[in-house]
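Peer 1: Build me a structure from this.
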Amino acid sequence: MLLGFAGYKAGMTQAVVTDNRPTSLTKGEDIVVPVTVVECPPLRVVGLRCYKSDAYGSRPSVEVWAPQQDKYVSRTIAVPKKNTSTSLDSLQPSGFSSIRLLVHTQPSRTTIGKKRPEVFEVGIGGSVDGQLSFAKEKLGTEISVADVFNEGEFVDTHVVTKGKGTQGPVRRFGVSIRQHKSEKTKRGPGSLGGWCAQGHTMYRVAHAGKMGFHQRCEHNKQLLKIDDNTANINVKGGFIRYGNVKSTYVLFRGSVGGPKKRLVRFTKPRRPHPKATTEAPSIVSISTASPQGR
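Peer 2: Next up, the predicted model:
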């Protein structure tokens, strides 16, 4: 089984669901929750990569590429011209520590106006024998999000957050603004004291700098819905700065980092909550009202 997937953030809306959390005060009642829409066209498997482990860690040993590649893949990576599919049968699980799939997204199936795909590795669960047989079966084919995840499941999201440029210490770290008669500045970090006794200013001191555009992982986000019928989710006038959803989409409970059209990768949870219920709540309705109030 594949351990992750990816999609493009379309926007947010709200849904009315029947609360099924066992310890919730509103259990059994209809509540309104914010949801994030992520469009997930099928991932195409372009190759597999076998890893070997030694005293220094795990490193790639063998790569096998699919005989037929999508025409847009060459915009991202240099696809090997030599067909290596004949060496697929000669691969044996002994000697490898793990096997991963090389996949790419298909943004041309969306409305974001982009054709260049993202290429990345995805892990495979199970033993090495099962990983190799799964990789051989899926090489050169497409994998949909419904083949990897189920409704109600919890996942970890990996995104690059919104970039906010260079900001001062007040906005970056919440430094208090001093009174108007303070010396030199009102919005600075104040007297550094012992933080500059080492001959330089410590990195912990709040200073101006880059804010946003960071790689962030958020644990245990629930998948409320996986659906192919886009008429159930497309809002009137389309999502702002995105358009209409054309492919399979998933609904996340709550917000997901990053701006519209940015890639959202989500994987099996690294530290699942032991008491979290994985049964998807019943969705009563999903708002398709215009986000601009039209």
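Peer 1: Who does the residue most central in space within the chain form a beta bridge with?
Peer 2: For the chain, the residue nearest the mean C-alpha position is residue 265 (2.1 Å; Cα atoms, centre = their mean). Here residue 265 sits in beta bridges with residue 6, residue 158, as judged by DSSP bridges.
Peer 1: roughly how far apart are it and residue 2?
Peer 2: 12 Å (Cβ to Cβ, to the nearest Å). C-betas here are computed from N, CA, C, even on glycine.
Peer 1: same deal with residue 95?
Peer 2: Separation of residue 95 from residue 2 (Cβ to Cβ): 23 Å.
Peer 1: neighbour count winner among these two?
Peer 2: Applying other Cβ atoms under 10 Å to residue 95 and residue 2 shows that residue 2 carries more neighbours, namely 22 against 11.
Peer 1: check contacts around the residue lying closest to the more buried one once chain neighbours are set aside.
Peer 2: Distances taken as Cβ to Cβ, 6 or more residues apart in numbering place residue 148 nearest to residue 2, at 4.7 Å, with adjacent residues excluded. If you count contacts by Cβ atoms under 8 Å, 6 or more residues apart in numbering, residue 148 has them with 1, 2, 3, 4, 5.
Peer 1: any chance you could read off phi and psi for the fourth one?
Peer 2: Summarising the backbone geometry of residue 4 under the convention degrees, to the nearest 10, its torsions are phi -160, psi 170.
Peer 1: and it, what does it touch?
Peer 2: By Cβ under 8 Å, 6+ apart, the neighbours of residue 4 are 122, 123, 148, 265, 266, 267, 268.
Peer 1: Setting the sequence-adjacent residues aside, check what's closest to residue 179.
Peer 2: Counting by Cβ to Cβ, 6+ apart, residue 179 lies nearest to residue 186, which is 7.5 Å off, once chain neighbours are set aside.
Peer 1: now swap in residue 120 and tell me
Peer 2: Nearest non-adjacent residue to residue 120, counting by Cβ to Cβ, 6+ apart: residue 103, 6.7 Å away.
Peer 1: Which positions are bridged to that neighbour in the beta structure?
Peer 2: Going by DSSP bridges, residue 103 forms beta bridges with residue 45, residue 120.
Peer 1: so it sits right up against residue 48, yeah?
Peer 2: No: Residue 103 lies out of contact with residue 48 (Cβ atoms under 8 Å); the separation is 9.9 Å.
Peer 1: if I look at the closest residue to residue 292 other than its chain neighbours, how far off is residue 286?
Peer 2: Closest residue in space to residue 292, ignoring its immediate chain neighbours: residue 237 at 6.4 Å, by Cβ to Cβ, 6+ apart. Look at residue 237 and residue 286: by Cβ to Cβ, they are 16 Å apart.
Peer 1: neighbour-wise, which of those two wins?
Peer 2: residue 286 (19 against 13).
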